[in-house]
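**Q** Predicted coordinates and the sequence they were generated for:
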Amino acid sequence: MARDFRSYMARRLLYTLITIFLILTFNFLLFRVMPGDPFRIMVPKGADDLTREHYMDHYGLDEPLIVQYFIYLGQTLTGHLGVSISKFPGSDVESILGPYLDNTLILAGLGTVLSIFVGVFLGRETAWRRGKMADRIGSAFFLVFYCMPTFLFALVLLMLFAHYIPEWPIRGSYGDEYFDLDLPGKLWDRTIHTVLPLFALVIETIATFSIITRSSLIDVLTEEYMVTAVAKGLRGRQVLRGHAMPNAMLPVVTVVAMNVGWIVSGSIMIEIIFSYRGLGVLTYEAVMAQDYPLVQAIFMLETIAVLIANFLADLMLFRLDPRLKV
Amino acid sequence: MKETDAVSQGKPKTSSFIRSVRAFFAGVAVLVLVFSVVPTNPTANADASVTTLRIGMIEPIDSLNPFIGVNDNAYIFYGLVYDFLMCVDEDLNPAPNLALSWNVVPDALPLGSVWQYNLTHNAFWHDGEHFDSEDVVFTFNYQIGLNWTDMWAYQPYTVLVDSVEAVDEYTVRVHYKDFQGNPAPASYGASMMLPIVPSHYWSKILPSAAGFSHTNPRPLGTGPFMCTDQTYSEFLTGDRLILYRNPNYHGFTDFGWDIKFERLILEFYLEPSALVTDIQRGGIDLAELSPPHYKNLVDWLADKSTQPIGIDNSLKCTQYSKEISICMTDQSGADTNLLRLDPVVRQAMAHATNKTFICDAIFKGYAEEGASIISPISPYWFWEPSTAEEYYFSVEKANQLLNDSGYNLWTDDHKYRKSVPGLTFQWQDKTYTFPDSKVLEFEVVVEAELYEDLEVYNYLEEAWAECGIKLTPRVVNTALWGAIVYGGYFDLTITYWSGDPDPNYLVYIQSTYALNGWSENWYSSPLYDENYTSSLLEQDPVKRQEYIRNCQYWDYIDAAFIVYCYPHGCHAWRTDHYTGWGDWKAHPGRSLANFWSANPLFFDLEPVVGNEPPIALLDNVAGPMGQSLTITAYAYDGDGDEMTYKLEFGDGANETGTVPSDGEISATHAFMNATTYSMELMVYDANSADAASAPATIIGPGGNAPVSNLRLKPDSFKKLSAGRDIGFAITGKDIEGDPVDIVLEFGDNAAPFDDSFSDTDSGFETSTSHAFEKDSDYTLVLNATDGHNATVVTLVLAISEEEGGTPWMLILGIVAVAAVVAVVAVFLIRRKRAGGREEEEIRLP
């Protein structure tokens, strides 16, 4: 029996929402079963017991766990993600996340888009030219950059640009004058600050997507229905675009969805090397500072991003793969 | 069906879907980019052309609120924005700031219990409000009495403040007390190092919020630099904090302190090597570096003396010290080992610690061996043990102490010591008895975030094992470390302390009054406390010095803190961007670490605007006494500026004048004695100067003059880069016309250039060229002999990196990647060939 797209989407949405709820609960419990007193970090040298009690009271840490849980759920659902206790004491977590999220969206967002387009294109072309010189060189290129540690490539880039193009910015997501520039100026400023980390980030993901696309497409090209497509008179490129690629995209879509989480967290080395403050760096600093509200919010954000990506991937697969409709 | 129809039937669904996916992602990309550049605050007022001082740091500040932030960079920030009553001058003495003067009120008893501070009339808050005594009264009242617990940040200063009163609009009096609450003299009244905050802002903030959670989004001070509406956003982003010069700064009116640049930016780096790279290439003006990265920079600078980078590593003016802390409470829990309370055990630990090794190996030599909690940066208060008192490094001595005190049993593997059954010792007024034998084993709590502490622990574990003391690590994060240490549930830990130049702050934390609060070793000693309280009350600095040193003596003797080193601050700065850095070793208060407001460094820094310093060449001269000789010289200025010069002949006479940017100087002078005079030439442009010296060799009757007016001059002082053929002109003369041989050595092991001249009384001239292979400093030596005497001219050339030269790193990188790609490609081709034909046959299309 053919499945209706809307019921499929509703079912997936429900699963996603249940998963988000479970993750929120897990997220809450995780940091409360870890050792250490979260508020101690706020009181560096000298606070006495009375001061520590004030902290407990101020942040609601003296409430029973179940009360803390419902407060947490209520605040999260109303968009209040809590108050930072140590990384940015007193600041609302949602206002902290903003600039870091911007940077990550630019770096990881552009990186993902670029990786998909370039990676899929290169994978398709090398698969189409399988066994020829372009394929061999392309495959070698993919393997090298797939295996090369991202941080190494980033460090080499930093050193090269610092040495040979001293005017090129090697740190930060924008320059000193950013807020005083007009829109084209801002775009240019962002661009020149993003080029190096973006390049360092995408080189590996391009290789990843190329390899997956290539191997997936090669599998599809050897299917019998490809012979049918040729037999009915389609030209090579028409077969590729109309019949091979849609089928070859199935594993690529899955991998892209899985990569969303990796790109956000996996870009941390790139962010550190170029002092480009995105969610990766914020996660690291929040964990080191034991800033539980902040860490909770970041984990929640990243988890939801991965879940949404998987939800979208499910929808795309439903469109791409007719077998799911049965 | 036509082919086109087939295609159109086969394609539409999937291709339109893929197109829509592409469009979606392209849309996302554009949206991301557009949203990211929408200004979050249009009110910022930066100007791209303003002069800016950029300071590079690793650790971002942890709060904009001066009652919450704790890291050093946060204090540096507060010191830029806020003023204190007094500041610390370049020699670490208290100096006037908001308080122009202060004195003990003579008619208030006991004498010294009330201090009067006479405030400036010229200070304004950054929002334009006038500063007066109410702000000072508010600042103190905000942090004392019932608020004292909430306002923890400056407790060592406020703990003994009883009350504060405004005598008039610009005069305040602070009443001090003792720990019993009675009026008492305060010896530290001239060092109240806490920021003064505006009452019109902070009075709206409850102390419980001020001390815990208030973000203080736009810090409002009276200091030399101001925040903007953008500051909070910058703080959250963590890239940088941009501060602007305060045009109404009271320091200019009161003391002539002026900031000569418009903007100061604190730039925060995540990667230390990027920070080093930026100081090397001039991306920032001042950087604070870790010892390993500082060492890298020093090594890089070793053969590049002309690099415009100044460096300093010297003791921190914050009295920074590192210590092993031994928990002195016996309420530390059953898991801990109370044998640490035995003075002999602690003395053995101190003897077994090689402080020299720690300084050299872990701090790369950028540290000095420690003694007491007050650093030698404050020599007046610093105390160090005499030879008889010193716990000098000696494993033998440590073993002997333990052997003689009942720790001469060993574990089965004979690695660690055990106490004899029934061991008894006394600490303070308590006697401790251990009926059973107990292993000399201690747990050390180490903060995971502090890499150097981990290294020190690793060293201690190995070193102390040599005298039978077993250490086990407990590596925890900072939060847990605080819980353990401030709870007193530990054996040993590794920690640090710093404080202002007055000793009050640092001696407080070792007193009994700091238990359950600031104490990190739970040390409590009546003898220490007696000296500490005496030091608080003592107005005579000599007697106070004695009490303070006594405190350090007891702290050292009891060995509850084993202070192993005083780490240096490691800084680098650009001398081509700013002048006025000064000598940080001689004047440690000029260091960036001087965060007690009004750092004198910032008032002396002057931006260098596109100036190249001049270059002077002075030729030697030789001739008979009493005759007028022609002295020749050359001056060059890369900016094309006209220069002034002063030529001193070495006999008391001199000549001054002006010279064009690429000009010759010629002067005549008669020397009256047959001797060698030392001539000196100084040339000045508007901003800088250069000096050169040369001998004037004067001969008597019958003497033979050496080669005169000998000059070695490159064809240009610009673009002296590696790989370029640099031309050299050599000129001179011999007044007797003797044949002259010259030899020029280039200083790079290349074959020397030589030439000979026969007709020399009217002058000789020759030229050569040479290319230096790499960037470095080269000393060229020109030797000219006339058969009687030799004349030597040296010229030091700084050869810079090849401009626009071959980017070898880039080429190497590309070649390496290409080679790897080629190898993998060959591998794939071979594998493909071995794959057989079957796959080929079914391959489509």
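**A** Nice, I can see it. Treat the numbers as computed from the prediction; the structure is a model and nothing was measured.
**Q** quick one: contacts for B:Tyr459?
**A** B:354, B:357-358, B:361-362 (Cβ atoms under 8 Å, 6 or more residues apart in numbering or on different chains). (Glycine included, C-beta is placed from N, CA and C.)
**Q** show me where the stretch 201-326 of chain A has helices.
**A** In the stretch 201-326 of chain A, the helices defined using DSSP state H, counting those that start in this stretch lie at A:224-231, A:236-239, A:245-266, A:268-273, A:279-288, A:292-320.
**Q** Just name the most buried of those.
**A** Comparing the helices of the stretch 201-326 of chain A by mean neighbour count (mean count of other Cβ atoms under 10 Å in any protein chain shown), helix A:268-273 comes out on top with a mean of 23.
**Q** still on that earlier bit, sort out which of the contacts of B:Tyr459 are buried, if you could.
**A** B:354, B:358, B:362 (16 or more other Cβ atoms under 10 Å in any protein chain shown).
**Q** With secondary structure and pLDDT added, can I get those in CSV?
**A** Below are the buried ones among the contacts of B:Tyr459 laid out as CSV (DSSP: H, G, I helix; E, B strand; the rest coil; pLDDT from 0 to 100):
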residue, secondary structure, pLDDT
B:Asn354, coil, 97
B:Ile358, helix, 96
B:Ile362, helix, 91
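**Q** Please list which of these are also close to chain A.
**A** By Cβ under 8 Å from any Cβ of the partner chain, no member of the buried ones among the contacts of B:Tyr459 lies near chain A.
**Q** So what sits opposite B:Val743 in the bridge?
**A** B:Asp754, B:Asn783 (DSSP bridges).
**Q** Spatially nearest residue to B:Leu266, not counting backbone neighbours?
**A** Closest residue to B:Leu266 apart from its sequence neighbours, by Cβ to Cβ, 6 or more residues apart in numbering or on different chains: B:Leu241 at 4.5 Å.
**Q** Ranking helices and strands of the chain by mean pLDDT, which lands last?
**A** All of this refers to chain A. Lowest by mean pLDDT, DSSP states H and E among the helices and strands of chain A is helix A:49-58, with a mean of 67.
**Q** hang on, the earlier thing: determine which of the helices of the stretch 201-326 of chain A approaches B:Val485 most closely.
**A** In terms of Cβ to Cβ, the element of the helices of the stretch 201-326 of chain A nearest to B:Val485 is helix A:279-288, at 18.2 Å.
**Q** Just the mean pLDDT for that closest one, thanks.
**A** For helix A:279-288, mean pLDDT rounds to 84.
**Q** Longest strand in chain B, please.
**A** Determined from DSSP state E, the single longest strand within chain B is strand B:561-574.
**Q** tell me what it is packed against?
**A** On a contact count with 3 or more Cβ pairs under 8 Å, 6 or more residues apart in numbering or on different chains; DSSP states H and E, strand B:561-574 meets helix B:272-281, strand B:286-289, helix B:291-301, strand B:309-315, strand B:321-326, helix B:343-351, strand B:367-369.
**Q** Per-residue pLDDT of A:Asp180, please?
**A** Reading off the model, A:Asp180 has pLDDT 79.
**Q** Just the pLDDT at A:His193, thanks.
**A** Note on A:His193: pLDDT of 92.
**Q** quick revisit: following element in sequence after the least confident helix or strand of chain A, please.
**A** helix A:65-77 (DSSP states H and E).
**Q** Would you mind writing the CA trace of the next helix-or-strand element following that next one as PDB?
**A** Using DSSP H and E, the helix or strand that follows helix A:65-77 in sequence is helix A:93-104. The C-alpha coordinates for helix A:93-104 follow below in PDB (Å, rounded to 0.1, in the frame of the first residue of the first chain):
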ATOM      1  CA  VAL A  93      22.600  32.100  27.200                       C
ATOM      2  CA  GLU A  94      20.500  32.900  24.200                       C
ATOM      3  CA  SER A  95      22.300  36.300  23.800                       C
ATOM      4  CA  ILE A  96      25.700  34.600  24.100                       C
ATOM      5  CA  LEU A  97      24.800  32.000  21.400                       C
ATOM      6  CA  GLY A  98      23.900  34.600  18.800                       C
ATOM      7  CA  PRO A  99      27.300  35.700  17.500                       C
ATOM      8  CA  TYR A 100      28.800  32.200  17.700                       C
ATOM      9  CA  LEU A 101      25.800  30.800  15.900                       C
ATOM     10  CA  ASP A 102      26.300  33.400  13.200                       C
ATOM     11  CA  ASN A 103      29.900  32.400  12.700                       C
ATOM     12  CA  THR A 104      29.100  28.800  12.700                       C
END
